[in-house]
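Chemist: prediction below, plus the sequence it came from.
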Amino acid sequence: MPTTLTAFADVTTSDSALRRFLHGLPGVDAVGLEARAASLGTRSIKTTAKAYAIDLAISMIDLTTLEGADTPGKVRALSAKAVNPDPTDRTTPMTAAVCVYPDMVATAKAALNGADVKVASVATAFPAGRAALPVKLADTRDAVAAGADEIDMVIDRGAFLAGRYLETYELIKAVKEACVRPDGSAARLKVIFETGELSTYDNIRRASWIGMLAGADFIKTSTGKVGVNATPANTLLMLEAVRDFKAQTGIQIGVKPAGGIRTTKDAIKFLVLVNETVGEDWLSNTWFRFGASSLLNDLLMQRQKLSTGRYSGPDYVTVD
Amino acid sequence: MSESSTRLSVFKTYKLYVGGKFPRSESGRVYEVSDSKGKWLANAPLSSRKDARDAVVAARKAFGGWSGATAYNRGQILYRIAEMLEGRREQFVREVGEAEGLSKSKAAAVVDAAIDRWVWYAGWTDKIGQIVGGANPVAGPFFNLSTPEPTGVVTVVAPQDSSFLGLVSVIAPVIATGNTVVVIASEKAPLPALSLGEVLATSDLPGGVVNILSGKAGEMGPHLASHQDVNAIDLAGADAALAKELEIAAADNLKRVLRPQPVDDWNADPGTTRMTAFLETKTVWHPTGSLGAGGSSY
């Protein structure tokens, strides 16, 4: 454990200590949070700032396909798109990563062929997380062994909601250890809370702290498989959590909203949240990501509009 | 004092018709519309390019459902528009009379002709296929069938002078065949067009099939003509300079362009040319069945 975390060493010694700590966190002002997120969403970003924001957003995308029907062909097509999102304009940046199921990691890795696009793999019985611990760890080790650069794990919402916070903490720690490769390096770990299932903002704040204390490199809103996914409000709340964590420990942690972000306008709203809450330190794909698939097409159409002056249409981007 | 004299007047806020809803212009702008003698009638929304963009999105979204509806169903809906218009005939007679400076009887004749035009095109929806499609004789054991298919999203610059009959005469043929339309209403007389939106909204016509914008064709036209997701443009109401500009802008994605046609009398038999202008021909080959190993046919 890094020395800066020693301040929090006591809180994870027992279930009751962790509960005391988490329930001692200040409660979330839900109305204030939503109003703040909404007001930051009204910023008007135009012309050169918009062009910058679009390129930044493209470079932050974890281009995702997580379907039962994923085929190697689909993963290869997705990887090609990640490397070269707009074949008509080579100045378009690459996406940050492709995000696939563990069995598709090798396919994606081969398709990317050394390009500077990471392979992220979901693991730990995604999306429900309902499996025994050894299964989850084996799932993670498989993905890492197949070459995944990043692991997107889901927490056990059942344990969290039942109040077994230490169990949730231990799970994340165990998966973190499973991310270590034989050579000592490690895949970056993103921890998915599935905010849509946590039911309260207080729970999202608590889950964020559990994730950060357990050593997550990223905290991520959702799987994209439930009704409520990333919203400006829950992302703002998580950004505040990583800001507070950095202020107290000096450790920087990334944030990844995922699911439901489909338009350029939405993406830019999230970038405004990042800039206003945690500042420029987080405005790169090392510290902020979008989990999305259809968002990329909208960003590309907006990019084409800015570069040509003509409104673009879905005929000029890929059908995914 | 009688009760009627104390009543406050209720003015109508004219709004756009986009995606089955009645939004104000995104820009918040309006412009004054006056009758033929210069008397103020109402304020109409002055649409911006972003309203036009939103309208194209709505039209594209509606295209799949509308083009996939059966021709018979489209005919029923077009006839329903005529029925709804008949019920609001008085309103349109007044609005057309004010807009075009016509006497009540002349305005009534114009509205009747517009209603009849919907009926005319309602009848055509399930017949145009037989007229412009058909079975082609080919030198091989194949059925070779051509059928007309709608082009897609069509932008129409509506006629400037005939604010109602002209408008109906250009949008009805476009949607009869399964296209969806974004129409820029007559700039100086947009009120009958905006009221038509209220009729369309209550005629079972799916939202987004017809989108009505009021404002300057010179402002929105270039953005619609160069829009990559618009498949065709009808320049009926564009003057020569604007028509040329829009045709050049439309060339970039090989948009289908219908140049302005001189129309002396909108009452004349419309024929089928406006329908066929926005149809593509799909041809399919199908084995007749005479290819069996035994050389058998059916």
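Modeler: Received, thanks.

Chemist: can you name the next helix or strand after whichever strand or helix holds A:G32?
Modeler: A:G32 is part of helix A:30-40, with elements assigned from DSSP states H and E. Downstream of helix A:30-40, the next assigned helix or strand under DSSP H and E is helix A:47-59.

Chemist: not counting sequence-adjacent ones, nearest residue to the closest residue to chain B within chain A?
Modeler: Residue nearest to chain B within chain A (C-beta to the nearest C-beta): A:G313, separated by 2.6 Å. In this view, the C-beta of every residue, glycine as well, is placed from N, C-alpha and C. With sequence-adjacent residues excluded and distances taken as C-beta to C-beta, 6 or more residues apart in numbering or on different chains, A:G313 is closest to B:D229, at 2.6 Å.

Chemist: so that neighbour: helix, strand or coil?
Modeler: Look at B:D229: counting by DSSP: H, G, I helix; E, B strand; the rest coil, its state is coil.

Chemist: how much space between it and A:V122?
Modeler: According to C-beta to C-beta, to the nearest Å, B:D229 stands 34 Å off from A:V122.

Chemist: more neighbours: the two, which one.
Modeler: Neighbour count, other C-beta atoms under 10 Å in any protein chain shown: between B:D229 and A:V122, A:V122 has more, with 27 against 20.

Chemist: now do the SS call for that one.
Modeler: Assignment for A:V122 (three-state DSSP): strand.

Chemist: got the contact list for it?
Modeler: Counting by C-beta atoms under 8 Å, 6 or more residues apart in numbering or on different chains, A:V122 touches A:66, A:99-102, A:151-154, A:192, A:223.

Chemist: export those residues as JSON lines, with columns for neighbour count, secondary structure and distance to A:A80.
Modeler: Below are those laid out as JSON lines (neighbours: other C-beta atoms under 10 Å in any protein chain shown; DSSP: H, G, I helix; E, B strand; the rest coil; distance: C-beta to C-beta, whole Å):
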{"residue": "A:L66", "neighbour count": "19", "secondary structure": "coil", "distance to A:A80": "18"}
{"residue": "A:C99", "neighbour count": "32", "secondary structure": "strand", "distance to A:A80": "15"}
{"residue": "A:V100", "neighbour count": "30", "secondary structure": "strand", "distance to A:A80": "14"}
{"residue": "A:Y101", "neighbour count": "19", "secondary structure": "coil", "distance to A:A80": "18"}
{"residue": "A:P102", "neighbour count": "22", "secondary structure": "helix", "distance to A:A80": "21"}
{"residue": "A:I151", "neighbour count": "29", "secondary structure": "strand", "distance to A:A80": "23"}
{"residue": "A:D152", "neighbour count": "31", "secondary structure": "strand", "distance to A:A80": "22"}
{"residue": "A:M153", "neighbour count": "29", "secondary structure": "strand", "distance to A:A80": "27"}
{"residue": "A:V154", "neighbour count": "26", "secondary structure": "strand", "distance to A:A80": "28"}
{"residue": "A:I192", "neighbour count": "29", "secondary structure": "strand", "distance to A:A80": "26"}
{"residue": "A:T223", "neighbour count": "24", "secondary structure": "coil", "distance to A:A80": "25"}
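
Chemist: how about those residues in TSV, adding pLDDT and distance to A:S39?
Modeler: Shown next, in TSV, are the contacts of A:V122 (pLDDT from 0 to 100; distance: C-beta to C-beta, whole Å):
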residue	pLDDT	distance to A:S39
A:L66	95	33
A:C99	97	31
A:V100	97	37
A:Y101	97	38
A:P102	96	41
A:I151	97	35
A:D152	97	31
A:M153	97	33
A:V154	97	32
A:I192	97	28
A:T223	95	28
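
Chemist: residue of the stretch 151-298 of chain B closest to chain A, please.
Modeler: Here the residue of the stretch 151-298 of chain B nearest chain A is B:D229; by C-beta to the nearest C-beta that distance is 2.6 Å.

Chemist: can you give me the strands in the chain?
Modeler: No chain was given, so I picked chain A. Secondary structure of chain A (DSSP state E): strands at A:61-64, A:97-100, A:118-123, A:150-154, A:188-192, A:218-220, A:254-256, A:290-292.

Chemist: chain B, not that one
Modeler: Under the criterion DSSP E, chain B contains strands at B:30-34, B:40-45, B:134-135, B:142-150, B:153-157, B:180-184, B:210-213, B:232-234, B:256-258, B:279-287.

Chemist: strand partners (parallel or antiparallel) of the fifth one?
Modeler: Partners of strand B:153-157 in the sheet, by DSSP bridges, are strand B:180-184 (parallel), strand B:232-234 (parallel).

Chemist: residues near residue 86, how many?
Modeler: No chain specified, so I'll use chain A. The local packing of A:D86 (other C-beta under 10 Å) involves 22 other residues.

Chemist: looking at chain B here, not the other one
Modeler: For B:E86, the neighbour count with other C-beta under 10 Å is 15.

Chemist: surely it touches B:D116?
Modeler: No. The criterion here is C-beta atoms under 8 Å, and B:E86 misses it with B:D116 at 10.2 Å.

Chemist: pLDDT below threshold where in chain B?
Modeler: Scanning chain B for pLDDT under 70 picks out the ranges B:1-4, B:290-298.

Chemist: around chain A, which positions in it sit nearby?
Modeler: B:53, B:56, B:60, B:223, B:226-230, B:252 (C-beta under 8 Å from any C-beta of the partner chain).

Chemist: what subset of those residues is buried?
Modeler: Burial by neighbour count, 16 or more other C-beta atoms under 10 Å in any protein chain shown: within the residues of chain B next to chain A this picks out B:53, B:56, B:60, B:223, B:226-230.

Chemist: tell me the contacts of the residue nearest to the spatial centre of chain B?
Modeler: Closest to where the C-alpha atoms of chain B average out (C-alpha atoms, centre = their mean) is B:I171, at 2.0 Å. For B:I171, the contacting residues are B:156, B:158, B:181, B:183, B:210, by C-beta under 8 Å, 6+ apart.
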